[in-house]
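Novice: Build me a structure from this.
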Amino acid sequence: MQMSRRYEQELSAGCQYEPLPSLPETEHHLPNLVGGESYEWAAIDNLDTFFARIYRYWHDKGLVTILIGRLLNLTALAFTIIFSGFLLLAVNWQALHDDCLLPHEPHKSCDLLAVAIHKHPWEAHSKALVGLVGLYLVLCGVYWVWSAVQLVCEMRDVLDVKHFINNKLGISDRQIRMMTWSELLHRLVLVQGTTRLCAVRDLDELDIVGRIMRKENYLIGMLNSGVLALYVRGCSPVLGRRFMLTKTLEWNLYLCILDPVFDEHFHIRQEFLLDEGRLRKRLVAAAAVNLVLSPFLLMFLVIYFFMKHAERFYHSPGSLGSRRWSSLARWRLRELNELPHYVQHRLDASYEAAVKYVGQFPSPLASQIAKFVSFIAGSFAALLLGLSLLDENLLEVPLGGRNVVWWLALTGVLLTISRSFINDTPVAFDPERAMAELVLHTHYLPRHWRGRAHTAEVQQAVNSMFTYKVLLFLEELASVVLTPFILAYSLPRCAGAILQFVSDHTTRVEGVGDICSLAAFDFSRHGNSKYGAPMHADKRLRSKQGKMEKSFLTFVATYPTWQPPAAGRRMLNTIGSLHMAAAAGAAAGGQGPGAAAAAAAAVPASPMGHGVGNLDESVIWQQHGSSAAAAATPRQQQQHVINIGNGSSSSMWVGVADQPPALRHPSYGPQ
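Specialist: A predicted model of the protein is given here:
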């Protein structure tokens, strides 16, 4: 009975829930297991897919939301296909300038539908155009049918996931809307006490997240190591060496590399690693397919963008001047084993800091041009408004081939857009502090950025990652045309480096399969003592900028119930010693990174020669000022790392913002 109560309390820790009415209370208790004979075996063929569906079920907040969302997306896709066909074939665009449609010709008035709509659209255009649009509609229709079939098949799996979550985890759809992912994942770990999910062993939090992000971790590691040439070769004088990772290119990377590299047992295919020529041919073949489909995809994206953003642009033209993180930046800033909603939360939290840093470098030229355009447009708008106040009939009077209302709308748009580029707000120039606030959320601070936040090089790098929305859309359109060239010329040249990366950064974990060894937090293989790792591996195998070490600390902070391995606990002790040294330096009256570095240098090094005293000074600076002290035991040490955000300063190195732990989960926390 004591074991049952303890299990029940641990299962419900952090979230009060009610047992399902249809589930007897005794089913939540652990049975008396004799040699494992009382275990219930869950027949799950593909645990990767199963765990991914559980995550999506939690992320989409239950069956009803998933079903309605999928149906609405399918309906929106059908509407987009039909409406695009209507715009391309049925609308007579030349007839829109017919005299009978002009407001100053009332005696010639006619019905818009009778004039502007083709009664026989297939006969009103050339055969080439009709054939091209027809092929576009057929391809889109096939994609819609495939999506509908996929939805039907997916619903059966979603129902299985719902049954598992409701009956095995004891979580209803109402409760799942108020539960954090880490809480649900902890229950998924605990339920293995009664239900065997993996035939080999029980899985912990790292194993489950590693299965969900098996392929994504490889992509994150490749981007961190710089083995992917995601740019068009030979276009440097025109485009410069501009890297891009749009959705189109991302799909092709999965299709050509990340999907075929694994077999049905989640092991790396050795024949894939040994045949570089085959990978090159696969990339070239994908380039040919993309080249054939590029006109249709480009057509669909333009129409979809128009339908999605036309109303927003009409009411808020200034949104063209807003910024967001590019797709490539999202992947570069994403940490190993970081699920999508966590990285989205971090980047959303970094928006104000990114705007603040970009605002440190206003463009005087752009501001002057915007003020001039605003002055001219405002003058014309004032004149036209004044005329309309004198006589409202003047609004329909033609002016330069357009009526006054059209010119008023145009000047209003120009005013809104130009004002979005005018920066009259006083800015206290302190780029280093602004960069520190940005790094607090992004956890991204390359060595050549440190102490150089005021330089044009760093400014341009941040601007390329945090850029205007309209430029990102143009980049997405351009990628439709450029992706075939990247697949045919750039990526085949680095095929050997890609295969070498997979070979060097793969480890086989019992019960999980082959995963990226960086995501397994293999410190003996990839550790970097400058970032707190207990081992110092070969430089070729270490992650850049301490990616693995930062990801480890973020994972510890995100999943406090996870038990790190021995090497991880040693790293937590190292970080705790660093905080003790930084706190001692602060107590001694030292100011700035130098004092913290001097205090940390007094900490003795490990027998390997890579101890706290040899840590990178930027790490010491990032932790300097924290009032937290090191904990005595490994579990207390882990809890100390989780609670660093409650200290008196930022915890950029640890990867947790200055906020209570509950706020790390977006939209969730104690009410």
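Novice: for the stretch 251-400 of the chain, what spans make up the strands?
Specialist: 323-325, 398-399 (DSSP state E, counting those that start in this stretch).
Novice: how deep is the nearest residue to Ile117 once chain neighbours are set aside tucked in, by neighbour count?
Specialist: Closest residue to Ile117 apart from its sequence neighbours, by CB to CB, 6 or more residues apart in numbering: Ala90 at 5.8 Å. To be clear about C-beta, it is placed using only N, CA and C from the backbone, and glycine gets the same treatment. Residues near Ala90, counting by other CB atoms under 10 Å, number 15.
Novice: List the contacts of Ala90.
Specialist: Contact partners of Ala90, counting by CB atoms under 8 Å, 6 or more residues apart in numbering, are Ile117, His118, Pro121.
Novice: distance of it from Ala495?
Specialist: Note on Ala90: its distance to Ala495, by CB to CB, to the nearest Å, is 47 Å.
Novice: quick one: which of the strands of the stretch 251-400 of the chain has the weakest pLDDT on average?
Specialist: Per-stretch mean pLDDT for the strands of the stretch 251-400 of the chain is lowest at strand 398-399 (a mean of 72).
Novice: Direction included, what does whichever helix or strand comes after it pair up with?
Specialist: Once the chain leaves strand 398-399, the next helix or strand it forms, by DSSP states H and E, is strand 402-403. Partner strands for strand 402-403, per DSSP bridges, with pairing direction: strand 398-399 (antiparallel).
Novice: Report the residue spans of the stretch 201-350 of the chain with pLDDT below the cut-off.
Specialist: Counting by pLDDT under 70, the stretch 201-350 of the chain contains low-confidence ranges at 233-241, 309-321.
Novice: let me redo that: the stretch 551-671 of the chain
Specialist: Low-confidence segments of the stretch 551-671 of the chain, defined by pLDDT under 70: 585-671.
Novice: at 80 instead, please
Specialist: Across the stretch 551-671 of the chain, residues meeting the criterion (pLDDT under 80) sit at 574, 577-671.
Novice: burial of Gly193, as a residue count?
Specialist: Burial of Gly193 is recorded as 16 neighbouring residues (other CB under 10 Å).
Novice: now swap in Trp449 and tell me
Specialist: As a burial measure, Trp449 scores 18 neighbours (other CB under 10 Å).
Novice: which residues touch it?
Specialist: Met435, Val458, Ala461.
Novice: re earlier: can you tell me how far the residue nearest to Ile117 sits from Leu365?
Specialist: With CB to CB as the criterion, Ala90 and Leu365 are 45 Å apart.
Novice: ok so, going back, among the contacts of Trp449, which are located in helices?
Specialist: Met435, Val458, Ala461 (DSSP state H).
Novice: Go ahead and confirm the first one touches Ala453.
Specialist: The one in question is Met435. Yes. Using CB atoms under 8 Å, Met435 is in contact with Ala453, at 3.8 Å.
Novice: With neighbour numbers in mind, choose between these two.
Specialist: The neighbour count for Met435 versus Ala453, taken as other CB under 10 Å, is higher for Met435 (24 against 21).
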